[in-house]
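Enquirer: I'll drop the sequence and a predicted model, then ask my questions.
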Amino acid sequence: EPEVTQTPSHQVTQMGQEVILRCVPISNHLYFYWYRQILGQKVEFLVSFYNNEISEKSEIFDDQFSVERPDGSNFTLKIRSTKLEDSAMYFCASSTGNSNQPQHFGDGTRLSIL
Amino acid sequence: DQQVKQNSPSLSVQEGRISILNCDYTNSMFDYFLWYKKYPAEGPTFLISISSIKDKNEDGRFTVFLNKSAKHLSLHIVPSQPGDSAVYFCAALTSYAGGTSYGKLTFGQGTILTVHP
């Protein structure tokens, strides 16, 4: 069964550094998402992306965050200047956009900011 | 933000018995609800969903019930198996223009289900 792939599985970065999290969505999917889960908290929506532009973003997704689909297969989340509070599991998801089709999630990238 | 709530942090059940996981929501604009299962070190895996126009959806051992007037849904697993032990997340979304998969998901806190052999 096709799956969403995320790399790396664990990223350790110094505070203030830029980090790029990578995702390969399922190939025939058209909608892409990033969510995050801070330890002990809920899974939170960050951003959705369709047709090469952001379709919706949350309050968390401030100017430090950006997303890109640089080619036909990758979907990336960039955090420009990381903060301690950015430490979390980041999940990528994708969907077809068809009715009654759920979002499929990758296994996540654990981001640790030191 | 408490729009979706799972009030039971954990549930312990004997193998073969029924597991009932509950979820409440407050946002009347939600019209599609999903259950995801999550194992450690993995992402959420879709289990079953229900549209707000229905009150029940069944898929094998899994049945989701929706009570719109009470803004409550539940997931029933019958019979429960040790492999069902995982964190279960309730999620909700507001569909746009009739579609269901491109709205943002709002998650509950999750319920840890343990099924004992």
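Expert: That came through, no problem.

Enquirer: quick check: pLDDT value at B:His101.
Expert: Let me fix one detail, which is that residue B:101 is Ser and not His. With respect to pLDDT, B:Ser101 scores 51.

Enquirer: please apply the same query to A:Gly40.
Expert: If you check A:Gly40, the pLDDT there is 88.

Enquirer: can you list the strands that the helix or strand harbouring B:Val13 pairs with?
Expert: For B:Val13, the element it lies in under DSSP states H and E is strand B:10-14. Within its sheet, strand B:10-14 is paired with strand B:111-116 (parallel), according to DSSP bridges.

Enquirer: distance between the ends of stretch A:70-81?
Expert: 20 Å (C-alpha to C-alpha, to the nearest Å).

Enquirer: and the closest residue to A:Ile26 other than its chain neighbours, how far is that from chain B?
Expert: Leaving out its chain neighbours, the residue that sits closest to A:Ile26 by C-beta to C-beta, 6 or more residues apart in numbering or on different chains is A:Pro2, at 4.5 Å. (Each C-beta comes from the backbone N, C-alpha and C, glycine too.) Distance from A:Pro2 to chain B, counting by C-beta to the nearest C-beta, to the nearest Å: 13 Å.

Enquirer: ok, A:Pro2 to A:Ser27 distance?
Expert: 7 Å (C-beta to C-beta, to the nearest Å).

Enquirer: same question, B:Ile112
Expert: B:Ile112 is 33 Å from A:Ser27, by C-beta to C-beta.

Enquirer: more crowded one of those two?
Expert: In this view B:Ile112 and A:Ser27 are compared by other C-beta atoms under 10 Å in any protein chain shown, and B:Ile112 has more residues nearby, 14 against 9.

Enquirer: isn't that one up against B:Gln6?
Expert: No. The criterion here is C-beta atoms under 8 Å, and B:Ile112 misses it with B:Gln6 at 10.2 Å.
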